[in-house]
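S.K.: Give me a 3D structure for the following:
(one chain, ligands or ions: 2)
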Amino acid sequence: MDENLKKKLINEKKSGWLEINEEKFNQIFHFCDGYMEFLNHSKTEREFAANARNLAEKNGFQDVNQMQNLKPGDKVYFVNREKSIYLAVIGEQKLENGLHIVGAHIDSPRLDLKPNPLYEEGELAYFNTHYYGGIKKYQWTTIPLSIHGVIIKANGEKITVNIGEDEQDPIFTITDLLPHLAKEQEAKKLRDAIEGENLDLLVGSIPIIDEKEKNKVKLNILKILNEKYGITEEDFVSSELELVPAFKARSLGFDYGMVAAYGQDDKVCSYTALKALMEIEKPQKTAICILSDKEEIGSMGNTGMESHVFDYFISELLNKTGENRPNLLEKVFCYSKMLSSDVDAGFDPLYSSVSDRQNSGYLSKGITLNKYTGARGKSGASDANAEFVAWVRNLLETNQIKYQVSELGKVDVGGGGTIAYILANKGVDVIDCGVPVLSMHAPYEVTSKFDIYEAYRAYKAFWVKD
Ligand code: MN
Ligand code: MN
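M.R.: Ligands and ions are numbered 1, 2, ... in the order given. Next up, the predicted model:
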């Protein structure tokens, strides 16, 4: 058969690295250096939201609450309780013609401190934790962990905590049993081997010199915390303290072609979207970027995507662009398009049995589109309409952005949700569109630098398109 005809007929995806020149190669590496640097300072949703706001302000974005009127080209943001942020660049066309939305999430699986975390046992001090999101518990033991978050005192004073990242800081860890004594543990199912209640953080060992006191190590920790932060044990009840891996984002492989880092689900899509938005000037359709919280635990609550705070933000844009008629918000959503930018499970050759090779996302083969998530009968899926998939395909093909279309695992195996369905339920045309990841939800997740750059290009092309 004629080679050209064969090439045209068969949908074969090669590694993206084979299809670029040196200039693009350098652009990819440069972009990912910035990404890794940003990740090292943005491990939690609060840190990411604050850094996103700073970056946006440097690029001419203003708090929407400070604006009386909005006109095409104006750039605004809305920070929702320091944990999520929505940004917009007002388009030439009216909002009622529809928005172009890219939505990602900035929370990642981790361990949270319980409201009353500190205890002493066997003359060691511990913090009790409750894990956040879907984790494999054994992965979170015996690695260096840092503590990030806030403590709010009853008088409203806010103390920001970030300990374990600086080389001078101590780190923390969760211990595990030595192999010699682990016969019973090793015979258990993987998911039962480490109990959630045992994911307790080792935080101290030196007792206070006070003969009468029983819990001398705990008291010493409280004394140190009081000196450092001015807090007492009771102040933990109004804190949000998160344990995240203390290691830094690094290039992975002899060829430096991948990124290994904590929290790439979904900060890889958040960062690429944010960077792309910074370069958007006067788009045709208003460009919206959602960086949401609580995706990993079901998007509930007033900083999650299920809340109406996003609707309020769009209503504010309608009010301030002078478009206000009854029910206009519903119309806006029905005419809008969205890339739900969340990561996809990359094909892992070590665990190939869980994937359908023909319908998997592969590292370095570009941004992955999930027409639908859900499994076992597409249960709970937000299934993008074929017409919209074609529109997105056309956008990507026109801009020579490498993409692949996949499912998350085999039919009876996979699953997993994103924020796609929430916007789809409002009437928006939505497709999941993100970067394939290895070891998703593990303390160290792996992505391809090629895919990261393609994601950035895809989001930018989507916002530029009329
Ligand atoms: Mn995700
Ligand atoms: Mn996730």
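S.K.: Just the CA coordinates for the longest helix that the chain contains, please, in PDB.
M.R.: If each helix of the chain is counted by residues according to DSSP state H, the longest one is helix 22-40. This file holds the C-alpha atoms of helix 22-40, laid out as PDB (Å, rounded to 0.1, in the frame of the first residue of the first chain):
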ATOM      1  CA  GLU A  22      15.700  22.700  18.700                       C
ATOM      2  CA  GLU A  23      14.000  26.000  19.200                       C
ATOM      3  CA  LYS A  24      10.800  24.400  20.600                       C
ATOM      4  CA  PHE A  25      12.900  22.000  22.600                       C
ATOM      5  CA  ASN A  26      14.500  24.900  24.400                       C
ATOM      6  CA  GLN A  27      11.100  26.600  24.800                       C
ATOM      7  CA  ILE A  28       9.800  23.500  26.500                       C
ATOM      8  CA  PHE A  29      12.700  23.200  28.900                       C
ATOM      9  CA  HIS A  30      12.600  26.900  29.800                       C
ATOM     10  CA  PHE A  31       8.900  26.800  30.400                       C
ATOM     11  CA  CYS A  32       9.200  23.800  32.700                       C
ATOM     12  CA  ASP A  33      12.000  25.500  34.700                       C
ATOM     13  CA  GLY A  34       9.500  28.200  35.600                       C
ATOM     14  CA  TYR A  35       6.900  25.500  36.400                       C
ATOM     15  CA  MET A  36       9.100  23.700  38.800                       C
ATOM     16  CA  GLU A  37      10.100  26.900  40.500                       C
ATOM     17  CA  PHE A  38       6.500  27.900  40.900                       C
ATOM     18  CA  LEU A  39       5.600  24.400  42.300                       C
ATOM     19  CA  ASN A  40       8.200  24.700  45.000                       C
END
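S.K.: Show me what counts as buried in stretch 240-258.
M.R.: Residues of stretch 240-258 classed as buried under the neighbour-count rule (16 or more other Cβ atoms under 10 Å) are 240-247, 249, 251-252, 257-258. Where you see a C-beta, it was placed from the backbone N, CA and C, and this is true even at glycine.
S.K.: check contacts around E279.
M.R.: K460 (Cβ atoms under 8 Å, 6 or more residues apart in numbering).
S.K.: Could you give the secondary structure assignment for L318?
M.R.: helix (DSSP: H, G, I helix; E, B strand; the rest coil).
S.K.: Kindly provide the distance from it to G196.
M.R.: 45 Å (Cβ to Cβ, to the nearest Å).
S.K.: Restrict stretch 255-265 to CA atoms and write it as PDB.
M.R.: What follows is stretch 255-265, C-alpha atoms only, in PDB (Å, rounded to 0.1, in the frame of the first residue of the first chain):
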ATOM      1  CA  ASP A 255      17.600  13.200  29.500                       C
ATOM      2  CA  TYR A 256      15.800  15.600  31.900                       C
ATOM      3  CA  GLY A 257      12.600  15.000  29.900                       C
ATOM      4  CA  MET A 258      10.200  14.600  32.800                       C
ATOM      5  CA  VAL A 259       9.200  16.400  35.900                       C
ATOM      6  CA  ALA A 260       8.900  14.700  39.300                       C
ATOM      7  CA  ALA A 261       7.000  16.700  41.800                       C
ATOM      8  CA  TYR A 262       4.400  16.700  44.500                       C
ATOM      9  CA  GLY A 263       0.900  18.000  43.600                       C
ATOM     10  CA  GLN A 264       1.100  17.900  39.800                       C
ATOM     11  CA  ASP A 265      -2.600  16.800  40.000                       C
END
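S.K.: Tell me which residue of the stretch 101-250 of the chain lies closest to ligand 1.
M.R.: Nearest residue of the stretch 101-250 of the chain to ligand 1: H105, at 5.7 Å (Cβ to the ion).
S.K.: Pull up the per-residue confidence for that residue.
M.R.: Per-residue confidence (pLDDT) for H105: 98.
S.K.: and the residue nearest to R357 when sequence neighbours are not counted, how many neighbours?
M.R.: Of all residues not flanking R357 in the chain, F347 sits nearest, at 7.1 Å (Cβ to Cβ, 6 or more residues apart in numbering). By other Cβ atoms under 10 Å, 21 other residues sit near F347.
S.K.: With A154 instead?
M.R.: Residues contacting A154 under the criterion other Cβ under 10 Å number 9.
S.K.: I'd like to know the phi and psi angles of it, please.
M.R.: phi -60, psi -30 (degrees, to the nearest 10).
S.K.: give the contact list for it.
M.R.: So A154 contacts D235, S238 (Cβ under 8 Å, 6+ apart).
S.K.: related to what we said a few turns ago, so the residue of the stretch 101-250 of the chain closest to ligand 1 touches E296, yeah?
M.R.: Yes: judged on Cβ atoms under 8 Å, H105 makes contact with E296 at a distance of 7.4 Å.
S.K.: out of those two, which sits in the more crowded spot?
M.R.: H105 (29 against 20).
S.K.: How confident was the prediction at the closest residue to that one other than its chain neighbours?
M.R.: Distance criterion Cβ to Cβ, 6+ apart; nearest residue to H105, sequence neighbours excluded, is E295 at 3.6 Å. At E295, the model reports a pLDDT of 97.
S.K.: neighbours around E295, how many?
M.R.: Count around E295 with other Cβ under 10 Å applied: 25.
S.K.: Report the contact partners of it.
M.R.: Counted by Cβ under 8 Å, 6+ apart, E295 has contacts H105, D107, D266, G304, M305, D342, T418, I419.
S.K.: Now render those residues as a markdown table, adding secondary structure.
M.R.: Formatted as a markdown table, those follow (three-state DSSP):
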| residue | secondary structure |
| --- | --- |
| H105 | strand |
| D107 | coil |
| D266 | helix |
| G304 | strand |
| M305 | coil |
| D342 | coil |
| T418 | coil |
| I419 | coil |
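S.K.: So how do I select the buried members of these in PyMOL?
M.R.: The buried subset of the contacts of E295, as determined by 16+ other Cβ under 10 Å, is captured in PyMOL by this line:
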select buried, resi 105+107+266+304+305+342+418+419
